[in-house]
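Colleague: Just the structure for this:
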Amino acid sequence: MGLKQWLMPAISARLLSRERLLRRRASAEAARRRAGQPHLLHYFHQVDDPYSTLAAACLPELLARYDVALQAHVVGPPPDSAAPERERLVAYSRRDAQLLARRWGLDFNDPGQQPTPQRMALTTALLVSAAQQGLFVELAGPLSVALWRGTSLELPLTPAAPEIVQRHLAESDALRQRLGHYLGATFFYAGEWYWGLDRLHHLERRLQALGAGRGEVRGPLFPPDADLSDAVALDAPPPIDFFFSLRSPYSAIVAPRVFELGRLTGAPVRLRYLLPMVMRGLPVPKTKRSYIAADAAREAFERSIPFGRLNDPVGRPTERGLALIPHAENQGLGQRYVLAFMHAVWAQGVDAGSERGLRRIVETAGLSWDGARAALQDETWRASAERNREALFALGLWGVPSFQVGSLAVWGQDRLGLVQQALLAPAKGVR
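Modeller: Model prediction:
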């Protein structure tokens with residue numbers, strides 16, 4: 001084991017521990033009280049981002065629930081390094097935002113294309129003007145809806161001048177980068193990031209714990225979907241295609257949940273493994289890696305899934321790990337093996353690139369080490385991983401974890417609830 005593999009588990013366990021997170025929150029609150037400052041919430045809005053449209057729609061209710069001061073920042077799109085498949089991201093964001101809008105009763109319909117540059121420029125100038133005049137909370141939602149509908153609003157608001165818009169965007173982009181993020185629809189409060197509707201419940205619970213709620217505020221606006229807890233008898237449920245990477249923290253924390261969903265519904269879960277993005281020539285910048293690790297730790301705690309003592313399996317550990325998936329499946333132990341690998345590298349800090357580490361994973365899954373060593377010589381997994389990548393791209397997706405069940409294809413561990421809903425819909429008579 002190299003020095004990096006030896007140190008990484010201890011360092012990551014400290015950095016991602018719940019105790020450290022709570023200490024940092026307490027320290028930030030103590031500093032705020034000493035300075036006599038209000039609860040300051042930064043919101044970063046990307047004009048042509050559907051998720052920002054949904055986030056803007058909830059701002060009035062959010063500020064009605066909590067005693068916070070909001071500073072709005074209009075930002076540009078993420079840099080290329082953080083959005084390596086930009087066209088797919090843009091198209092998928094519209095489809096996914098439409099699903100979210102229907103889920104929560106919000107106003108967004110995918111028009112099948114982005115707004116025109118002319119409408120974008122006008123809406124950007126109006127939003128910058130609204131931010132500068134303290135009208136952003138009231139006007140961002142209606143302006144965003146009008147942008148996507150292709151309609152106009154009669155507003156007592158003059159668009160900001162081009163030079164003011166450019167200065168605002170540049171300053172907002174720089175602030176977002178300095179604070180440690182890259183996306184729109186993001187909230188930053190006292191050292192911590194919250195992306196879109198999917199993470200707003202973390203922010204709300206934090207504010208509630210601080211006593212920042214107005215009146216009797218209970219529960220979040222957008223609670224996370226509850227996992228199925230009891231078996232459901234379904235008539236020939238369709239398979240769940242589970243696209244994942246052994247190096248993806250979100251894949252690691254959703255794997256136990258999707259396998260449990262398959263068990264409770266009788267839906268077969270097909271293992272569609274891929275090489276990690278970085279091993280496919282797609283860079284992942286440090287800011288993105290840091291945010292994902294911290295966010296995955298927060299999500300894992302929410303779901304009571306062990307996570308945080310990491311030993312990054314990039315490179316040889318992932319290749320050897322993938323090589324054994326077909327072998328494990330042939331033994332009827334595919335899911336057990338994937339869970340053993342994920343738990344070892346993401347929660348126990350096991351070096352899967354070492355003989356000792358991989359043997360531990362193999363035997364935890366109930367496989368024989370002698371059989372696994374022989375299977376490591378079989379390179380056919382590479383062709384399977386490439387076919388899985390092609391299938392994923394054909395669905396209009398590119399990242400992991402992703403899921404397909406029937407006609408539904410979604411990206412992200414946050415969307416497992418939609419997979420569950422699609423499986424249960426026939427039993428409930430939903431069409």
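
Colleague: could you point out where this structure is predicted with low confidence?
Modeller: Within the chain, the segments meeting pLDDT under 70 span 1-6, 279-283, 427-431.

Colleague: What residue spans form the domains of it?
Modeller: What automatic domain parsing lists as the domains of the chain is 28-209, 240-428.

Colleague: the strands in the stretch 101-250 of the chain, which residues?
Modeller: With DSSP state E, counting those that start in this stretch, the ranges of strands along the stretch 101-250 of the chain come out as 186-189, 192-195, 240-244.

Colleague: Pick the most buried one from the ones you listed.
Modeller: When the strands of the stretch 101-250 of the chain are scored by mean count of other Cβ atoms under 10 Å, the highest mean neighbour count falls to strand 240-244 (a mean of 24). Just so you know, the C-beta spots here come from the backbone N, C-alpha and C atoms, and that holds for glycine as well.

Colleague: among the domains of the chain, which is nearest S12?
Modeller: The closest of these to S12 is domain 240-428. By Cβ to Cβ, the value is 4.1 Å.

Colleague: Distance from the chain centre to the closest one, please.
Modeller: Relative to the chain's own centre, domain 240-428 is displaced by 15 Å; criterion: Cα atoms, centre = their mean, to the nearest Å.

Colleague: Redo the strands of the stretch 101-250 of the chain as JSON lines? Include distance to L333.
Modeller: Supplementary listing: the strands of the stretch 101-250 of the chain in JSON lines, determined by distance: least, Cβ to Cβ, whole Å:
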{"stretch": "strand 186-189", "distance to L333": "40"}
{"stretch": "strand 192-195", "distance to L333": "35"}
{"stretch": "strand 240-244", "distance to L333": "16"}
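
Colleague: Which one of those lies nearest to L271?
Modeller: Nearest to L271 among the strands of the stretch 101-250 of the chain is strand 240-244; the distance by Cβ to Cβ comes to 6.2 Å.

Colleague: What strands line up against that closest one, and which way round?
Modeller: The strands beside strand 240-244 in its sheet (DSSP bridges) come out as strand 269-273 (parallel), strand 402-405 (antiparallel).

Colleague: Just the buried positions in the first one, please.
Modeller: Neighbour-count burial for strand 269-273, with 16 or more other Cβ atoms under 10 Å as criterion, is recorded at 269, 271-273.

Colleague: does the residue nearest to P237 when sequence neighbours are not counted count as helix, strand or coil?
Modeller: Counting by Cβ to Cβ, 6 or more residues apart in numbering, P237 lies nearest to A267, which is 4.0 Å off, once chain neighbours are set aside. Of the three states, A267 takes coil according to DSSP: H, G, I helix; E, B strand; the rest coil.

Colleague: Run through the residues that contact A267.
Modeller: With contact set as Cβ atoms under 8 Å, 6 or more residues apart in numbering, A267 has these partners: 234, 237-240, 261, 405, 423.

Colleague: Out of the strands of the stretch 101-250 of the chain, flag the one nearest A212.
Modeller: The minimum distance between A212 and those falls on strand 186-189, with 9.9 Å, by Cβ to Cβ.

Colleague: Pull the residues that contact that closest one.
Modeller: For strand 186-189, the surrounding residues in contact (Cβ under 8 Å, 6+ apart) are 39-44, 55, 68, 176, 179, 181, 193-196, 199-200, 203, 206-207.

Colleague: ChimeraX command to pick out the buried ones of those residues?
Modeller: Here is the ChimeraX command that picks out the buried ones among the contacts of strand 186-189, judged by 16+ other Cβ under 10 Å:
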select :39,41,42,43,44,55,68,176,181,193,194,195,196,199,200,203,206,207
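
Colleague: From the contacts of strand 186-189, which land in helices?
Modeller: 55, 176, 179, 196, 199-200, 203, 206-207 (DSSP state H).

Colleague: Among those residues, which one sits closest to Q133?
Modeller: Distances from Q133 to the ones in helices among the contacts of strand 186-189, taken by Cβ to Cβ, are shortest for A55, at 20.0 Å.

Colleague: I'd guessed that closest one sits against G196; true?
Modeller: Yes. Using Cβ atoms under 8 Å, A55 makes contact with G196 at a distance of 5.7 Å.

Colleague: hey, what's in contact with both of the two?
Modeller: Contact criterion Cβ under 8 Å, 6+ apart; residues shared by A55 and G196: A185.

Colleague: before we move on, back to that, state the pair within the ones in helices among the contacts of strand 186-189 that is farthest apart.
Modeller: Spanning the widest gap among those are R176 and L207, at 21.1 Å by Cβ to Cβ.

Colleague: residues near V405, how many?
Modeller: Per other Cβ atoms under 10 Å, the neighbour tally for V405 reads 22.

Colleague: Show me what it is bridged to.
Modeller: Beta-bridge partners recorded for V405 (DSSP bridges): L408.

Colleague: Figure out the length between the terminal residues of stretch 341-358.
Modeller: Terminal residues of stretch 341-358 lie 8 Å apart, using Cα to Cα, to the nearest Å.
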